[in-house]
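Visitor: This is a predicted model, with the sequence first.
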Amino acid sequence: MPPETAVVTATFSRRMRLRLPSGESVEARIKGKRLRPVCGDRVEAEPIEREADWLITAIHPRRNTLSRPNLRGRAEALAANVDLLAVVTAGAPAPDWYVVDRYLCAAELMAAEALVVYNKVDLDLLGAEQQRELDDYRQLGYPAFAISATTGEGVEQLDAHLAGTTAIVVGQSGVGKSTIINRIAAEASQRTAEISEKRDEGRHTTVNSVMLPLAGGGEVIDSPGVRDYSPAIDDLRDVGRGFREIAAAAGGCRFSDCRHLREPGCAVKHAVDDGTISGRRYESYRRLYVLTDKLSDKRP
Ligand SMILES: Nc1nc2c(ncn2[C@@H]2O[C@H](COP(=O)(O)OP(=O)(O)O)[C@@H](O)[C@H]2O)c(=O)[nH]1
Ligand SMILES: [Mg+2]
Ligand SMILES: [Zn+2]
């Protein structure tokens, strides 16, 4: 059989599940040690003689990549070719808006759409402060949804936004990503994901990502919980580009290479002082800038 272009729909460390152009799902391993396919990748694959496994021989160029820095400060891909990031927080564990901002920054830099989900409204923990954060995101143009994956409240509106896209659901561990996906994924596909996870139990400790068809068309990737996510950023100036309102204000800074930290004539700081830019969002920017600067020192 000739090689085929397949889509990576699940990764379990170095084992993959592929969807062939025929729609059939097969399991695959990877040729050599250099290739690192992730969910959403388009790959070249060929059947292996007298085996059920297929072999991935190449990864097609990616439209975009969701990545984070690894321990050596280099970019490690988590998923590829996505249209939209659904960033999930919840009543419990307590929302970490800094993590939300870092995912939103990643979305900007990879030219993907993004929206914010506050899950577990049924816990009645959505106070004025959280409500204000959600309103701030809406003001910036990010749709924000307060939902309960358990009761189904608000899920329909979220579902309507994701339909037809290739979306990835991201956020801290325990916020309800998998529960949300179980609600919105096409029913038959959920069982497939379960089987693959179970079959792998004991052999591989990490089930990384799974991509499932959405009931309303398109597909959704359930990503692993990454603790303290931050985007992999090569160019420090990209940190500011990842915050829409900061990118928009930066044109007014006195210096074209303004870092918006302590420079005189900084339009961003000015906007923070007069309340046009949220002080909390600015603090997110500042922290990520410092972190990215530190990580870039690590790279040889
Ligand atoms: N009360 C409540 N619990 C939820 C909701 N969504 C998920 N959970 C619970 O939160 C826990 C973590 O959910 P899970 O989907 O595994 O989170 P993930 O780590 O983000 O994938 C589980 O015990 C879920 O039952 C919700 O809307 N309300
Ligand atoms: Mg999960
Ligand atoms: Zn500035």
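Guide: Okay, I see it. Ligands and ions are numbered 1, 2, ... in the order given.
Visitor: so how far is the longest helix seen in the chain off the chain centroid?
Guide: When the chain is parsed with DSSP state H, its longest helix is helix 279-298. Relative to its chain's centre, helix 279-298 lies at 19 Å (CA atoms, centre = their mean, to the nearest Å).
Visitor: ok, now stretch 80-87?
Guide: Averaging C-alpha positions (CA atoms, centre = their mean) puts stretch 80-87 6 Å from its chain's average.
Visitor: go on, stretch 151-161?
Guide: 19 Å.
Visitor: Mean confidence (pLDDT) on the helix or strand harbouring residue 88, please.
Guide: Assigned by DSSP states H and E, residue 88 belongs to strand 84-90. Averaged over strand 84-90, pLDDT sits at 98.
Visitor: for that strand, packing partners?
Guide: In terms of contacts (3 or more CB pairs under 8 Å, 6 or more residues apart in numbering; DSSP states H and E), strand 84-90 is packed against helix 97-109, strand 113-119, helix 155-162, strand 166-171, helix 177-184. Where C-beta positions appear, they are placed from N, C-alpha and C, glycine not excepted.
Visitor: Tell me what angle the following helix or strand past the second one forms with helix 279-298.
Guide: If I follow you right, that is strand 113-119. Going down the chain from strand 113-119, the next helix or strand is helix 128-140, by DSSP H and E. Inter-element angle recorded for helix 128-140 and helix 279-298: 80 degrees (by axes from the mean of the first three to the mean of the last three CA atoms, to 10 degrees).
Visitor: Residue 162 and residue 214, how far apart?
Guide: 6 Å (CB to CB, to the nearest Å).
Visitor: Need the overlap of contacts for the two.
Guide: With contacts defined as CB atoms under 8 Å, 6 or more residues apart in numbering, the residues shared by residue 162 and residue 214 are 184, 220.
Visitor: partners of the strand ranked longest in the chain in the sheet?
Guide: Longest strand in the chain by number of residues (criterion: DSSP state E): strand 4-12. Take DSSP bridges as the rule and strand 4-12 pairs in its sheet with strand 15-19 (antiparallel), strand 42-47 (antiparallel), strand 209-213 (antiparallel).
Visitor: Show me which residues of that strand are buried.
Guide: The neighbour-count check on strand 4-12 (16 or more other CB atoms under 10 Å) flags 4, 6, 7, 8, 9, 10, 11, 12 as buried.
Visitor: can you tell me the average pLDDT over it?
Guide: The model assigns strand 4-12 a mean pLDDT of 93.
Visitor: Let me see the residues that make contact with that strand.
Guide: 16-21, 25-26, 28, 37-46, 54, 56, 60, 193, 196, 200, 204, 206-212.
Visitor: change it to 7 Å
Guide: When contacts are defined by CB atoms under 7 Å, 6 or more residues apart in numbering, strand 4-12 is touched by residues 16-21, 25, 37-45, 196, 200, 204, 206-211.
Visitor: Within range of ligand 3, give me the residues from the stretch 1-150 of the chain.
Guide: Of all the residues in the stretch 1-150 of the chain, not one is in contact range of ligand 3 (CB under 5 Å from the ion).
Visitor: what would the buried residues of strand 4-12 look like in CSV with distance to residue 69?
Guide: Shown next, in CSV, are the buried residues of strand 4-12 (distance: CB to CB, whole Å):
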residue, distance to residue 69
4, 33
6, 29
7, 26
8, 22
9, 26
10, 24
11, 19
12, 23
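Visitor: Please convert these to a markdown table, extending it with distance to ligand 1.
Guide: Below are the buried residues of strand 4-12 laid out as a markdown table (distance: CB to the nearest ligand atom, whole Å):
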| residue | distance to ligand 1 |
| --- | --- |
| 4 | 32 |
| 6 | 26 |
| 7 | 22 |
| 8 | 20 |
| 9 | 18 |
| 10 | 15 |
| 11 | 16 |
| 12 | 16 |
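Visitor: Right, I'll call it a day here.
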